[in-house]
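[1] Mind folding the following:
(4 chains)
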Protein chains: 2
Amino acid sequence: MELYDIKRIDYDQQAKVMKALAHPSRLLIVHALMDHELCVCELRELLQHQNNLSTVSRHLSVLKNAGLLVEEKRGLYVYYHLCCNGLREFLVSMDRIVGEAKEPT
Amino acid sequence: MELYDIKRIDYDQQAKVMKALAHPSRLLIVHALMDHELCVCELRELLQHQNNLSTVSRHLSVLKNAGLLVEEKRGLYVYYHLCCNGLREFLVSMDRIVGEAKEPT
DNA sequence: TCTCTATTTGCCTATTTTGCGAAATAGACA
DNA sequence: TGTCTATTTCGCAAAATAGGCAAATAGAGA
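    Residues are numbered from 1 along each chain as shown, chains lettered A, B, ... in the order given. Now for the predicted structure:
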């Protein structure tokens, strides 16, 4: 197994992306977008208790600024979808390890 | 492609793990630990500019509390290593998507 | 043009996170 | 036992983040 070159990685950039994902509502949003694009008001409905519109909008802009989402305005609505293919695979991998991560002793 | 069941996931738990990873120093730490365990003072040396010992120790406890690291005291030193196998694969997947995530327009 | 709807932004407050120095702890070894 | 070393915790101040209301914006459609 080759050594992992920790020097080559831009940890500030990576932290920005992780930070964008480090919130329950934003995690729900990206998971919902794994299947198909959704507009802001549809996403709002999914966020049952945290569904203040300005808050939802702000979460979306955090994800967009991290480069994870792309927006597209059509008619009255703004639709969001995941930015890239690798992201879907990444989310699946995240779901797996969060299950494995054990509580500390 | 089957639908992704967004209801089954514990987003609070997942956010906790993502939050633990959402810091440049902590990302460097977990990447360094992909190869082999390291003790606190070795990790400190890797964190060139953010190498205050109490800060490093705090970062380690954040990662440990998220269930990502395991500590083991041997002799004078405390050694840390990654908690689970899936984590390594997850980190590789993360490295890939962070590269792909595009800057917003 | 005006109006109506969907979405974003500004502003404020409350909470959390960060980083550091100093003090505390834990345990190895004489 | 006492001392020395590695590491963690405490307490604080600065910075970042979150959530909500109200106001602003953008653009569709009459």
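[2] show me what contacts the residue nearest the centre of chain A?
    The centroid of chain A falls nearest to A:V30 when counting by Cα atoms, centre = their mean (4.1 Å). For A:V30, the contacting residues are A:L21, A:L63, A:L68, A:L69, A:L82, A:L87, A:L91, by Cβ atoms under 8 Å, 6 or more residues apart in numbering or on different chains. Using the backbone N, CA and C atoms, a C-beta is placed for each residue, glycine as well.
[3] In chain A, where is pLDDT below threshold?
    Counting by pLDDT under 70, chain A contains low-confidence residues at A:1-4, A:6-7, A:102-105.
[4] all strands in it, in order from the N-terminus.
    Secondary structure of chain A (DSSP state E): strands located at A:38-39, A:69-74, A:77-82.
[5] Which of those strands sits closest to B:S25?
    Each of the strands of chain A has some distance to B:S25 by Cβ to Cβ; the shortest is strand A:69-74, at 26.6 Å.
[6] got the contact list for the closest one?
    Here strand A:69-74 makes contact (Cβ under 8 Å, 6+ apart) with A:V30, A:L33, A:E37, A:L60, A:L63, A:K64, A:V78, A:Y79, A:Y80, A:H81, A:L82, A:C83.
[7] Could you list the contact residues of chain A toward DNA strand C?
    Residues of chain A that fall close to DNA strand C, judged by Cβ under 7 Å from any atom of the strand: A:39-41, A:44, A:53-54, A:56-58, A:60-61, A:71, A:76-78.
[8] What ranges does chain A have for its helices?
    With DSSP state H applied, chain A shows helices at A:11-21, A:24-32, A:40-46, A:53-65, A:85-100, listed in chain order.
[9] What is the nearest of the contacts of strand A:69-74 to DNA strand C?
    Out of these, the one with the shortest distance to DNA strand C is A:V78. That distance is 3.9 Å, counting by Cβ to the nearest atom of the strand.
[10] can you tell me how far that closest one sits from A:V56?
    Here the distance between A:V78 and A:V56 works out to 11 Å (Cβ to Cβ, to the nearest Å).
[11] Kindly report the same for A:D35.
    A:D35 sits 18 Å away from A:V56, taking Cβ to Cβ as the criterion.
[12] When these two are compared, which one has more neighbours?
    Using other Cβ atoms under 10 Å in any protein chain shown as the criterion, A:D35 and A:V56 rank with A:V56 on top: 21 against 15.
[13] re earlier: closest one to A:D12 among the strands of chain A?
    Of all these, strand A:69-74 sits nearest to A:D12, with 20.1 Å by Cβ to Cβ.
[14] Check whether the closest one comes into contact with DNA strand D.
    Yes. Looking at strand A:69-74 against DNA strand D by Cβ under 7 Å from any atom of the strand, the contacts come from A:K73.
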